[in-house]
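S.K.: Structural data only, the sequence is not supplied:
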């Protein structure tokens, strides 16, 4: 039964990754309003295609002509997200049924179910509030949160990790790395939702300057008005430049911390995990640089989202190894598994 739960959680994790990437594809192809209503599309369960359906769409949504490619991009994302929601509901029901078993987590599946319900609401608001950047970014963060929590559940159900003794400093490095990865993903979401990815088209400078004109006040003004259609963004060039620069600076800080984390992992005899951190980090940096140099091609932009997911899951794995209870050992400073 434990193996069945592990396989179900692993399937949900893989499906969540697919949903995250489909969401990225939808944003990057400007298909977030491919269907102007929710949860259907012009009042149907699929993109209108017949003459009668198209006439209905034109009558009830005259300001949003049907664009089949964008509509299908949005609906496929919704189909996968809906399937994931059903799978998480099944995981939660299974956890409740087996809650008395010693190795069966219950609070975590219940929390994941709550996150998914909230995530569905943000999916609706993404459409009804016309891609309001705050909601789009929160929706992106909810997708990554769902993915990471499902991965954590998979790890807990695997039962394959050995007990470890870990220095306290490693736990601090791991926590710092995870927090910075989450912050960098949030910055990436803000870049995407405000269409600031191509605000700087050169490297390592921006507009040929090390510190170009940048409006951080408006770039991070979190009370933008609700009402306008934010497709394509509403900010001026200097505000978008500020957002882009913040993402670059965050990447530099994150790189320094993760290199330090990898060094700490090697020092405590975990070279494979250290190598994984450096490998995923190097891949993500390469993808970020390539997006700027090549003008944000769709494949690389989606891959950059995948790299962010891989980096997040890697840090979840590292922190899972370091999830410990403090034991005061006279003359030593070690942490042990609870």
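M.R.: Everything's here; your move. On a predicted model such as this, the values are computed, not experimentally measured, just so you know.
S.K.: now the strands for this protein?
M.R.: 165-167, 325-326, 334-336 (DSSP state E).
S.K.: And these, which one averages the lowest pLDDT?
M.R.: Of all those, strand 325-326 carries the lowest average pLDDT, namely a mean of 36.
S.K.: Could you count how many residues lie near residue 202?
M.R.: The local packing of residue 202 (other C-beta atoms under 10 Å) involves 11 other residues. C-beta: built from backbone N, CA, C; applies to glycine.
S.K.: for residue 252, that is, sorry about that
M.R.: Neighbour number of residue 252 under other C-beta under 10 Å is 10.
S.K.: can you pull the pLDDT of it?
M.R.: Confidence score, pLDDT, at residue 252: 97.
S.K.: Roughly how far does it sit from residue 184?
M.R.: To residue 184, residue 252 is 10 Å away according to C-beta to C-beta, to the nearest Å.
S.K.: Residue 129 too?
M.R.: Relative to residue 184, and taking C-beta to C-beta, residue 129 is found at 25 Å.
S.K.: Please identify which of these two sits among more neighbours.
M.R.: More neighbours surround residue 184 than the other of residue 129 and residue 184, with 21 against 18 (other C-beta under 10 Å).
S.K.: Surely that one and residue 249 touch.
M.R.: No - counting by C-beta atoms under 8 Å, residue 184 stays clear of residue 249, with 10.1 Å between them.
S.K.: mind listing the helices for the stretch 1-150 of the chain?
M.R.: For the stretch 1-150 of the chain, the helices defined by DSSP state H, counting those that start in this stretch cover 2-28, 51-60, 68-97, 107-128, 133-158.
S.K.: can you list contacts of the shortest one?
M.R.: Spelled out, that is helix 51-60. 42-44, 48, 65-66 (C-beta atoms under 8 Å, 6 or more residues apart in numbering).
S.K.: Go again with 7 Å.
M.R.: 42-44, 48, 66 (C-beta atoms under 7 Å, 6 or more residues apart in numbering).
S.K.: Which of those residues sits closest to residue 240?
M.R.: The shortest gap between residue 240 and any of the contacts of helix 51-60 belongs to residue 66, at 30.1 Å (C-beta to C-beta).
S.K.: okay, now the closest one: neighbour count?
M.R.: Around residue 66 there are 19 residues (other C-beta under 10 Å).
S.K.: Please report the distance of it from residue 54.
M.R.: Residue 66 is 6 Å from residue 54, by C-beta to C-beta.
S.K.: Likewise for residue 14?
M.R.: Taking C-beta to C-beta, one finds residue 14 at 36 Å from residue 54.
S.K.: and what of residue 279?
M.R.: 49 Å.
S.K.: again, but for residue 260
M.R.: 57 Å.
S.K.: again, but for residue 318
M.R.: From residue 318 to residue 54 the distance is 52 Å (C-beta to C-beta).
S.K.: Show me which of those two is the more surrounded one.
M.R.: residue 318 (27 against 15).
S.K.: nearest residue to that one other than its sequence neighbours?
M.R.: Sequence neighbours aside, residue 174 is the residue nearest to residue 318 in space, at 4.8 Å (criterion: C-beta to C-beta, 6 or more residues apart in numbering).
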